[in-house]
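S.K.: Model the following, please.
(2 chains, ligands or ions: 1)
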Amino acid sequence: MTTRIFSSGIRRREDPRLITGKAAYTDDVTLPGMAYAAILRSPHAHARINSIDTSAAAGMDGVLAVFTGDDINAEFNPVPCAWLVPNSDLKTPAHPPIASGVVRYQGDAVAVVVAECRYAAEDALELIDVDYEPLPVVIEPDKAMCDDAPQLHEDAPNNQAFHWVMTGGDVDAAFDDADVVVGERILHQRLIPNAMEPRSAVAQFTQATGELTLWSATQNPHIARFLTHVVTNLPEHKIRVIAPEVGGGFGSKIPYYADEVIAIFCAIKTGRPVKWTATRSEGYQSTIHGRDHVEDVELAADSDGNITGIRAKVWAGMGAYLSTAAPGIPTILHGLMYSGAYDIPNVKADVYGVFNNAVPVDAYRGAGRPEATFLVERLVDKLANELDVDPADVRRKNFIPAFEDGHDVATGLTYDSGDFAMSLDMATEKIGYQELREEQKRLRAEGKYIGIGITTYSEICGLGPSQVAGAVGFQGGLWEGAIVRFHPSGKVNVAIGSSPHGQGEETTFAQIISHELGVDVDDVNIMHGDTSQTPMGWGTYGSRTTAVSGAAVAIAARKIKDKATQIAAHLLEAAVEDIDYENGNFFVKGSPDQAKTIQDIALMANVAWDMPEGVEPGLEASTFYDPPNFTYPFGTHIAVVELDKDTGRIDVNRYLACDDCGPQINPMIVEGQIHGGVVQGIGPVLCEGAVYDEDGQLLTGSMLDYALPRADMFPEIETSSSVTPSPHHPLGVKGVGETGTIASTITVYNAVMDALKPFGVEKLDMPLTPEKVWRAIHANGKEN
Amino acid sequence: MYPANVAYHRASSVAEAVELLAENEDSKLLAGGHSLIPLMRLRLASPASLIDVGRIAEIQGISVCGDCVCVGALTTHSTLASSCDLQSACPIVPEAAALIGDPAVRNRGTIGGNLAHADPASDLPTVAVALGATIKATGPNGKRSICAGDFFQDLMTTALDDGEVMTAVCLPAIQAGQGMAYAKMLHPASRYAVVSAAAVVTVEDGRCAAASVAVGGVETAPAKASSVEAALTGNALDAGVIACASAAVADDLAGDAIDDVFASGEYRRAMAEVYVRRALTSAAERAG
Ligand SMILES: Cc1cc2nc3c(=O)[nH]c(=O)nc-3n(C[C@H](O)[C@H](O)[C@H](O)COP(=O)(O)OP(=O)(O)OC[C@H]3O[C@@H](n4cnc5c(N)ncnc54)[C@H](O)[C@@H]3O)c2cc1C
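M.R.: Okay, here's the model as predicted:
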């Protein structure tokens, strides 16, 4: 019995184990003889280490070993950066796993204690005596490039990590000839990713065989294995990386961290399996942060509101070292997206990557694209204000017309498919846009202030063609492997190289197999996360798992179908061309009642008693899928916010997300991704952000001060969708993991600015805390 | 987030807790643990031993007798929030307790621990001061009562002696013509009060016969708003009077205001007026 399963919102098979606490994470791994590591982290943001005395700690009961930078750095290579953006004068100062000589951010590793239990390890940390000589500190990215700024690395003068320029068209001419120019300085504060599961690593080294096993909370175990080899010099075939259950990542578990390297070193040196798990506040100081942009942005237009150019100068904080993918985020994933949904002939991005005395920055949900969408949509709203026309109308005027198979934008990208005007119409109609504007007018007269924000976005995901990866300096491929294996009983195991960690692909990929081959969805098991059991793949991030790995699964399934057709033809004594397929049944055209089921064929292929000549036994297929292009989801989001004039508090009254990610394998999971993404994008507008003081101390060092968005801050999120297939994906699907975050930050920001318009407020830096808003509306004295 | 080594003792009576406190140097009482344990995990507190009072039955629960509501020190926030007796006898307490943290915090945290911890961002100290509650304690020298106005001395500093155990909090029951209300600006991360106000008003013949107002979150201990109270007394509690009286809170907040990443001292002072007004507006409405 099979049911139609594609586009069905079946429940996530992952959830029972997750919500009953039965899932096993890295920290749940317990091995015989296991020891525990605790890492001493620098309390200073920048300091010279004059001396470290570990003797008291080493002598403590229960302590097995204490290591410093001198120990580890003599044997291991620095932690590498793996996105070497070309033509950008990129500097990659060495990032030693444990600092040697100088610490460069609060949280930089200084020493590690390995002990019989975690408590003893923590106690021993207090006995390590470090003599620090504090050095001057710089936090803001633009200030870090000023003449007299403190310098972080000798080999990166002026703290410049890279300078990347992208131009399309003739931007200067566009601005010279413009009737209207609008501009703004935009700050994207640092964000601290908060996966439910903190980072964790367990390393086990078997001296006798030279084999290393690393359990790691990672989004990409195959990359982790490769980089473990790069750092440790251990041969790659002796390294096994296991990502067991991973409790969310949002980008923060893409990078390869010093902490994993430290755990490995400790395991090799002590001969004991070693576990390290971050505490939440330790994570705040050692897990990558996101965003940290200072941007000067401008838009040029004619007096009719036709946009003629857009340009930006960006200082992107990198933190103290270049994390794994860091340079690619503000460049490739940001600067190339300045066209948004619009036909803009002239575009320029001028991006500086800057070292500053803070936690390294890397990909955080949306990674570069929320900032790009923010920039474009902010400027479009400013243009509407300047021309005194409705923001929806300016958008309509400038949209790229609908396209089904490729549209080139000025930055050199080819969007795959899109219909932005349709999306905006759909959203404005659904929310009742005209009525909202009238209500807004009416309420203003009563002294009540609501604001409406609209975003129509196009985003790039489904990373991506490996050739492009190479061309833009990504030190890896971006294809995905998949193996589909039928067992004699007709049940199916699928092994994938990507590494889902909450997104639900165990469910949706089973739906793909069920859809392609007619097996029951419950007869399909998706295996991932263990490099010894899965084919090569580059991991789960960049809304790429369904777009790339899902395509691999579909193609492998189609290979199975081809082979099954051959076997069926043989068993039914017909020619291959005469075989029809429907819903898991193979039959001679016109005789569906004489069918061989996929299960019949799986059994025959596995026992191989009667196979067609020249056909190998087994029913198994593997694919390595390299996408021909990225996918470009798009959509329109609309937010309605309300101001509490007394306190400055902003409430989100309504939020509508109309997204188009192509055909939806599981609409419930799509909706879940959108809900989570929207909320994650609104956090930074209203409350969320890392704050460092001028000495580089992280003031938002725990959940007591770092304000994550909460469910009770939100109305029911309204969703709706359109379906514009990707022309190049085997199932037409695009990614949807980041769209919510990419659209929601600017949607709500613009809504707040719209609410504050009567007060003459044009700009406020995020997060828009009540105090900031309250000060702004009182500063101008208008409408009070 | 791993506390240092600590010895653990469980007391089965108040007397035993007092004894254990005396016997063990550098010891701390442990109730719900939702203020003390976070401090220990950050190693901001490292007592040598903990005296767990969590299972002492004699100091749990709520009893109303006549004009007095007696709440055992170990009563949890969720019990406060859901108690029907309290809802009718002293409704501002359930109102405030329901706004504390989240369900997990309310299920563990106790009124005694909350008052003894004396965090300026806590909710119950402000309510206790506005109500004029009496705190009962037992120590090596016997029992004593401390009125809430004298209890909170400074940032996390109370009138309790090291060797004393808080046993109960006595609250005056609501009277005819009285209305009480609590208004709170929640910190978006911690859920503690950025600013809060507790108001109790007594209306007789359409005029305010008595008012008691306290403000939390602004200074290091709850501030009694006597200027606000004075401006209310004798007046009909209409919007104009309430607004005018609320503005007087500035005079009651003369000390240094708390200032952090989320809210400056200046903003907290300004919000004190807003929240006093909100609390008074509800209290006046409820007074009927
Ligand atoms: C995430 C989180 C959010 C919170 N949000 C809020 C909030 O919004 N509003 C709010 O008011 N509070 C909040 N709290 C604090 C919470 O209410 C605490 O439970 C309370 O402050 C302390 O009570 P406890 O029983 O947990 O005390 P414990 O943590 O056990 O003890 C606290 C202190 O009181 C002492 N103590 C305890 N009992 C007695 C006693 N009987 N006699 C003498 N001394 C005693 C202890 O020795 C210790 O010094 C929050 C806590 C957390 C963890």
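S.K.: Quick check: the gap between residue B:179 and chain A.
M.R.: To chain A, residue B:179 is 21 Å away according to C-beta to the nearest C-beta, to the nearest Å. Using the backbone N, CA and C atoms, a C-beta is placed for each residue, glycine as well.
S.K.: what about that residue, neighbour count?
M.R.: Around residue B:179 sit 21 other residues, with neighbours defined as other C-beta atoms under 10 Å in any protein chain shown.
S.K.: Run through the bridge partners of it.
M.R.: Here residue B:179 shows beta-bridge partners residue B:201, assigned using DSSP bridges.
S.K.: cool, and residue A:625?
M.R.: Assessed by DSSP bridges, residue A:625 has beta-bridge partners residue A:480.
S.K.: from what I can see it touches residue A:550, true?
M.R.: No: Residue A:625 is not in contact with residue A:550 according to C-beta atoms under 8 Å; the separation is 9.0 Å.
S.K.: so what's the residue in the stretch 201-350 of chain A that the ligand sits nearest to closest to, chain neighbours aside?
M.R.: For the stretch 201-350 of chain A and the ligand, the shortest gap (C-beta to the nearest ligand atom) falls at residue A:280, measuring 12.0 Å. With sequence-adjacent residues excluded and distances taken as C-beta to C-beta, 6 or more residues apart in numbering or on different chains, residue A:280 is closest to residue A:198, at 6.0 Å.
S.K.: got the contact list for the one you found?
M.R.: Applying C-beta atoms under 8 Å, 6 or more residues apart in numbering or on different chains, we find residue A:198 in contact with A:27, A:217, A:277, A:278, A:279, A:280, A:282, A:283, A:287.
S.K.: and the fourth one, what does it touch?
M.R.: Going back to what we said before, that points to residue A:278. Going by C-beta under 8 Å, 6+ apart, residue A:278 touches A:198, A:199, A:200, A:259, A:286, A:287.
S.K.: for the last one, same thing?
M.R.: Residues counted as contacts of residue A:287 (C-beta under 8 Å, 6+ apart) are A:192, A:193, A:198, A:199, A:252, A:257, A:278, A:359.
S.K.: Residue A:700 is in contact with the first one, correct?
M.R.: If I follow you right, that is residue A:192. Yes: if you go by C-beta under 8 Å, residue A:192 and residue A:700 touch, sitting 7.2 Å apart.
S.K.: any shared contact partners between the two?
M.R.: Residues touching both residue A:192 and residue A:700 (C-beta under 8 Å, 6+ apart): A:284, A:690, A:706.
S.K.: Now for chain A: which helix has the highest residue count?
M.R.: Using DSSP state H to define each element, chain A has its longest helix at helix A:550-571.
S.K.: quick one: strands adjacent to the helix or strand just after that one?
M.R.: Elements were assigned by DSSP states H and E; along the chain past helix A:550-571, the next helix or strand is strand A:579-582. Partner strands for strand A:579-582, per DSSP bridges, with pairing direction: strand A:585-588 (antiparallel).
S.K.: what is the mean pLDDT for the partner strand?
M.R.: In this model, strand A:585-588 has a mean pLDDT of 98.
S.K.: same check, this time on stretch A:356-364
M.R.: Mean per-residue pLDDT for stretch A:356-364: 98.
S.K.: Can I get that stretch as PDB, trimmed to CA atoms?
M.R.: Taking Å, rounded to 0.1, in the frame of the first residue of the first chain, the C-alpha atoms of stretch A:356-364 are listed here in PDB:
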ATOM      1  CA  ASN A 356      38.700  43.200  15.600                       C
ATOM      2  CA  ASN A 357      39.200  42.000  19.200                       C
ATOM      3  CA  ALA A 358      36.100  39.900  19.400                       C
ATOM      4  CA  VAL A 359      34.900  36.400  18.800                       C
ATOM      5  CA  PRO A 360      35.400  35.300  15.200                       C
ATOM      6  CA  VAL A 361      32.400  35.900  12.900                       C
ATOM      7  CA  ASP A 362      31.000  33.400  10.500                       C
ATOM      8  CA  ALA A 363      27.800  32.200   8.800                       C
ATOM      9  CA  TYR A 364      24.700  32.700  10.900                       C
END
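S.K.: so, in contact with chain B or not, that stretch?
M.R.: No: Stretch A:356-364 stays clear of chain B (C-beta under 8 Å from any C-beta of the partner chain), getting no nearer than 15.6 Å.
S.K.: Off-centre distance for that stretch?
M.R.: Centroid displacement of stretch A:356-364 relative to its chain, using C-alpha atoms, centre = their mean, to the nearest Å, is 14 Å.
S.K.: mind checking pLDDT for residue 136?
M.R.: Here I'm looking at chain A. Reading off the model, residue A:136 has pLDDT 98.
S.K.: That was the other one, I meant chain B.
M.R.: 98.
S.K.: what kind of secondary structure is the nearest residue to it once chain neighbours are set aside in?
M.R.: Nearest residue to residue B:136 in three dimensions, chain neighbours excluded: residue B:168, at 4.4 Å (C-beta to C-beta, 6+ apart). Recorded secondary structure, residue B:168: strand (DSSP: H, G, I helix; E, B strand; the rest coil).
S.K.: who in the stretch 101-250 of chain B is up against the ligand?
M.R.: B:101, B:105, B:108-110, B:112-114, B:116-117, B:122-124, B:160, B:165-166, B:190-192 (C-beta under 6 Å from any ligand atom).
S.K.: repeat that for 8 Å
M.R.: Counting by C-beta under 8 Å from any ligand atom, the stretch 101-250 of chain B comes close to the ligand at B:101-102, B:104-106, B:108-117, B:119, B:121-125, B:137, B:160, B:164-167, B:186-187, B:190-193.
S.K.: Go back to these and keep what's next to chain A.
M.R.: Answer for those near chain A (C-beta under 8 Å from any C-beta): B:187, B:190.
S.K.: What about the residues of the stretch 101-250 of chain B next to the ligand, which are in strands?
M.R.: In strands, judged by DSSP state E, the following of these are found: B:137, B:165, B:166, B:167, B:186, B:193.
S.K.: I'd like these laid out as a markdown table, including neighbour count.
M.R.: Below are these laid out as a markdown table (neighbours: other C-beta atoms under 10 Å in any protein chain shown):
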| residue | neighbour count |
| --- | --- |
| B:137 | 25 |
| B:165 | 27 |
| B:166 | 27 |
| B:167 | 21 |
| B:186 | 16 |
| B:193 | 28 |
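S.K.: Just give me the closest of those residues to residue A:580.
M.R.: Ranked by distance to residue A:580 (C-beta to C-beta), these are led by residue B:186 at 63.8 Å.
S.K.: what sits against the closest one?
M.R.: Contacts of residue B:186 by C-beta under 8 Å, 6+ apart are B:99, B:192, B:193, B:194.
S.K.: Quickly list what the third one is bridged to.
M.R.: When bridges are assigned using DSSP bridges, the partners listed for residue B:193 are residue B:186.
S.K.: Residue B:119 versus that one, what's the distance?
M.R.: The gap separating residue B:193 from residue B:119 is 9 Å, by C-beta to C-beta, to the nearest Å.
S.K.: domain assignment for chain A?
M.R.: Split into domains by automatic domain parsing, chain A comes to A:17-135+A:196-248+A:253-286, A:290-463+A:629-779, A:479-625.
S.K.: May I have the beta-bridge partners of the residue lying closest to residue B:164 once chain neighbours are set aside?
M.R.: Spatial nearest neighbour of residue B:164, chain neighbours left out: residue B:139 (3.7 Å); criterion: C-beta to C-beta, 6+ apart. Going by DSSP bridges, residue B:139 is paired in beta bridges with residue B:142.
S.K.: Kindly tell me how buried residue B:139 is, as a neighbour count.
M.R.: Neighbours around residue B:139, by other C-beta under 10 Å: 16.
S.K.: these two touch, right, it and residue B:159?
M.R.: No: taking contacts as C-beta under 8 Å, residue B:139 lies outside contact range of residue B:159: 11.6 Å.
S.K.: the more surrounded of residue A:192 and residue A:700?
M.R.: The neighbour comparison of residue A:192 against residue A:700 (other C-beta under 10 Å) goes to residue A:192, with 23 against 20.
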